[in-house]
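Colleague: Sequence and predicted structure below; questions after.
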Amino acid sequence: MQTKLSLEQLNALTSAEFHKVFENVVESWPEAAIFCSAMTPFKSFDSMITTFDNYLHRLSRENKLRILRIHPDLAGKLFVENKLTADSSYEHCCVGLDKLSPDDQNQLTIMNKRYKDKFGFPFVICVREASKFEAILKGITERINNSPDMELEIGINEVKKICRLRILQLVNNL
Ligand code: GUN
């Protein structure tokens, strides 16, 4: 496991180093780290997280949609083919999505498809915060009834939560 960065070390990174370390805190969207590196130095990890939140909040609707669409389906094809990013793979394992029973796997596949057919982007939830398969299934079953605009907003808020946890994974927050 890589060493966690102190605030001092974080603020001393070159732009290129910052881009590399934080390139996937927003799934497969390195532009977030590129934009936020221009805001260094940060006075705290919280203010760094707020900077990423604000970046996501202010994106155009098109870019918010692009970010949601980049996310892999939970326990979907990329997962089965072992092609997830390391972060996404870790999050899958955290909540046991790698050990679902065939029934649970089936249920999630059906709901993922129904959700994507309705909204045109995959169901995104901060799985580490949801923490259990049942909560994920409940989340998708409830959220599928929302309007597309609501789901765009909720989805991006989930991306913010995922981003926060991924950042905290990389820094020494003690
Ligand atoms: N929540 C946390 N990680 C992921 C992911 O990789 N995909 C989706 N859809 N939701 C997530």
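Modeller: Cool, the structure landed. Numbers count the residues shown, from 1 in each chain.
Colleague: Give the buried residues for stretch 126-143.
Modeller: Buried residues in stretch 126-143, counted by 16 or more other Cβ atoms under 10 Å: 126-127, 130, 133, 136-137, 139-140, 143. Using the backbone N, CA and C atoms, a C-beta is placed for each residue, glycine as well.
Colleague: Mind checking which of those residues land in helices?
Modeller: Per DSSP state H, helices hold the following members of these: 127, 130, 133, 136-137, 139-140, 143.
Colleague: Spatially, which two of those are the most separated?
Modeller: Pairwise distances across those (Cβ to Cβ) peak at 15.6 Å, for the pair 133 and 143.
Colleague: for the closest residue to residue 126 other than its chain neighbours, helix, strand, or coil?
Modeller: Nearest residue to residue 126 in three dimensions, chain neighbours excluded: residue 161, at 3.7 Å (Cβ to Cβ, 6 or more residues apart in numbering). Assigned by DSSP: H, G, I helix; E, B strand; the rest coil, the conformation of residue 161 is helix.
Colleague: How about the contacts made by whichever residue of the chain sits closest to the ligand?
Modeller: Proximity of the chain to the ligand (Cβ to the nearest ligand atom) peaks at residue 88, 3.4 Å away. By Cβ atoms under 8 Å, 6 or more residues apart in numbering, the contact list for residue 88 reads 27, 71-72, 79.
Colleague: Could you check the pLDDT of residue 130?
Modeller: With respect to pLDDT, residue 130 scores 88.
Colleague: Leaving out the residues flanking it, which one is nearest to it?
Modeller: Leaving aside its chain neighbours, residue 130 sits nearest to residue 136 (5.0 Å; criterion: Cβ to Cβ, 6+ apart).
Colleague: Pretty sure residue 129 is one of the things the one you found touches, is it not?
Modeller: No: assessed by Cβ atoms under 8 Å, residue 136 is found out of contact with residue 129, at 10.3 Å.
Colleague: follow-up on the earlier one: and the least confident of the buried residues of stretch 126-143?
Modeller: Comparing the buried residues of stretch 126-143 by pLDDT, residue 130 comes last, at 88.
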